[in-house]
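Student: fold the following, please.
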Amino acid sequence: MRHDIRREEWDRCFYKSREKPGQEKVINEPVEKEIEKVQIVLEELHEHDFIQEIRYSLDKFSAFRKQVKESFFVFWTAINPPMERLLYALSAILKPRSILGLGIFTGNPVVWSMGPALDGTYDAAQLDAVEIEKNNARLCRDNFKELESILQAKIHVNVHGEDGFKVLEKYGTHSIDLLYLDANGLDPETGIEGTKRINYTFLKRALPKLKPGSTVMCHNATMDSFKKEAGDYLELTGNDRFFTKTSGIHIDEMGLEVSIRR
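Tutor: Numbers count the residues shown, from 1 in each chain. Next up, the predicted model:
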């Protein structure tokens with residue numbers, strides 16, 4: 001079952017990339033407004049049984065954000081402020097023991113999902129981040145090393161500078177609690193370069209690796225361009241043979257889809 005979370009006022013704005021005519025740029029958004037947006041999303045996800053509670057520590061998130069901003073080198077990012085907070089909050093609530101992020105550039109797309117495990121909010125068992133471009137993977141590795149040192153983290157993020165499909169093969173059946181997808185590259189099924197459809201192929205091959213009730217998140221999945229390139233992804237997450245529910249979250253112009261594995 002598919003459910004959309006959106007508000008007209010959100011659709012009228014953008015943070016970094018204008019996606020529709022007439023959208024106004026968000027400048028210096030008050031943190032209280034950001035918190036309110038995320039709270040709306042959490043409440044709707046709770047109402048539809050995606051999550052069992054809506055509480056997360058505002059103070060711990062604020063401290064974690066400050067530490068990421070001080071330690072991470074990022075060329076550019078499409079992870080906007082409310083998305084940072086939402087990804088952190090969802091992990092703080094879900095407490096995934098095993099997180100796998102695919103297509104994570106220099107680390108910023110997935111660090112927010114890994115944040116509650118890194119800052120000691122809960123104990124995780126395995127954190128893996130995959131980036132096929134070697135230099136970006138090197139920067140990602142350096143970023144996490146610096147952040148882990150600052151946090152005195154009890155768990156280490158394993159950064160893999162290789163093909164995500166090869167990393168997926170190493171996972172056993174029902175071994176992933178949270179799969180985060182943000183890839184844009186060569187889709188082995190179509191042979192097309194630079195496409196978001198690779199996320200569909202990643203998800204299809206990850207299906208047996210996902211625990212029943214596990215969570216899949218795909219960044220950009222609410223964008224019109226994603227629908228054109230990767231409509232197969234949305235068909236798969238909307239198929240109740242594989243997923244009990246899925247939600248498109250339009251909290252910013254990039255969006256996020258959250259799906260629960262059957």
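
Student: going by C-alpha atoms from here, please, whenever you check contacts or count neighbours.
Tutor: Will do.

Student: which stretches in the stretch 1-150 of the chain count as strands?
Tutor: Ranges of strands within the stretch 1-150 of the chain are 2-5, 13-14, 24-25, 98-102, 126-130, based on DSSP state E, counting those that start in this stretch.

Student: among those, which is nearest residue 250?
Tutor: Residue 250 sits nearest to strand 2-5 of all the strands of the stretch 1-150 of the chain, at 6.1 Å, using CA to CA.

Student: contacting residues around residue 85?
Tutor: Residues in contact with residue 85 (CA atoms under 8 Å, 6 or more residues apart in numbering) are 35, 38, 61, 112.

Student: show me the contacts for the first one.
Tutor: The neighbours of residue 35, taking CA under 8 Å, 6+ apart as the test, are 82, 85.

Student: helices of the stretch 151-262 of the chain, residue ranges please.
Tutor: With DSSP state H, counting those that start in this stretch, the ranges of helices along the stretch 151-262 of the chain come out as 164-169, 198-206, 224-229, 231-237.

Student: check the gap between residue 101 and residue 9 for me.
Tutor: Residue 101 sits 30 Å away from residue 9, going by CA to CA, to the nearest Å.

Student: between these two, tell me which one has more neighbours.
Tutor: Per other CA atoms under 10 Å, whichever of residue 101 and residue 9 has more neighbours is residue 101, with 26 against 9.

Student: could you dump the helices of the stretch 151-262 of the chain to CSV with mean pLDDT?
Tutor: As requested, the helices of the stretch 151-262 of the chain are exported to CSV (pLDDT from 0 to 100):
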stretch, mean pLDDT
helix 164-169, 97
helix 198-206, 98
helix 224-229, 95
helix 231-237, 98
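
Student: residue 148: which of those helices is closest?
Tutor: Of all these, the one in closest proximity to residue 148, counting by CA to CA, is helix 164-169 (22.4 Å).

Student: ok, back up a step: just the strands of the stretch 1-150 of the chain: most buried one?
Tutor: Across these, averaging neighbours per residue (mean count of other CA atoms under 10 Å) puts strand 98-102 on top, at a mean of 25.

Student: show me what it is packed against.
Tutor: strand 126-130, strand 176-181 (3 or more CA pairs under 8 Å, 6 or more residues apart in numbering; DSSP states H and E).

Student: looking at these, which is closest to residue 54?
Tutor: Short answer: strand 176-181, nearest of the helices and strands packed on strand 98-102 by CA to CA, at 17.7 Å.

Student: can you give me the neighbour number for residue 32?
Tutor: By the measure other CA under 10 Å, the count of residues near residue 32 is 8.

Student: residues contacting it?
Tutor: Residue 32 touches nothing, counting by CA under 8 Å, 6+ apart.

Student: now residue 140: how far from residue 86?
Tutor: 21 Å.

Student: higher neighbour count, those two?
Tutor: The residue with more neighbours, out of residue 140 and residue 86, is residue 140; 28 against 22, by other CA under 10 Å.

Student: which residues are contacting stretch 112-123?
Tutor: Contact with stretch 112-123 is made by 60, 64, 84-85, 87-88, 90-92, 95, 97, 99, 124, 127, 148, 151, 153-156, as judged by CA under 8 Å, 6+ apart.

Student: buried subset of the residues you listed, written for PyMOL?
Tutor: A single PyMOL command selects the buried members of the contacts of stretch 112-123 (16 or more other CA atoms under 10 Å):
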select buried, resi 60+64+84+85+87+88+90+91+92+95+97+99+124+127+148+155+156
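
Student: quick one, helices of the stretch 1-150 of the chain?
Tutor: Under DSSP H, counting those that start in this stretch, the stretch 1-150 of the chain gives helices at 8-11, 31-47, 58-71, 81-94, 108-118, 134-151.
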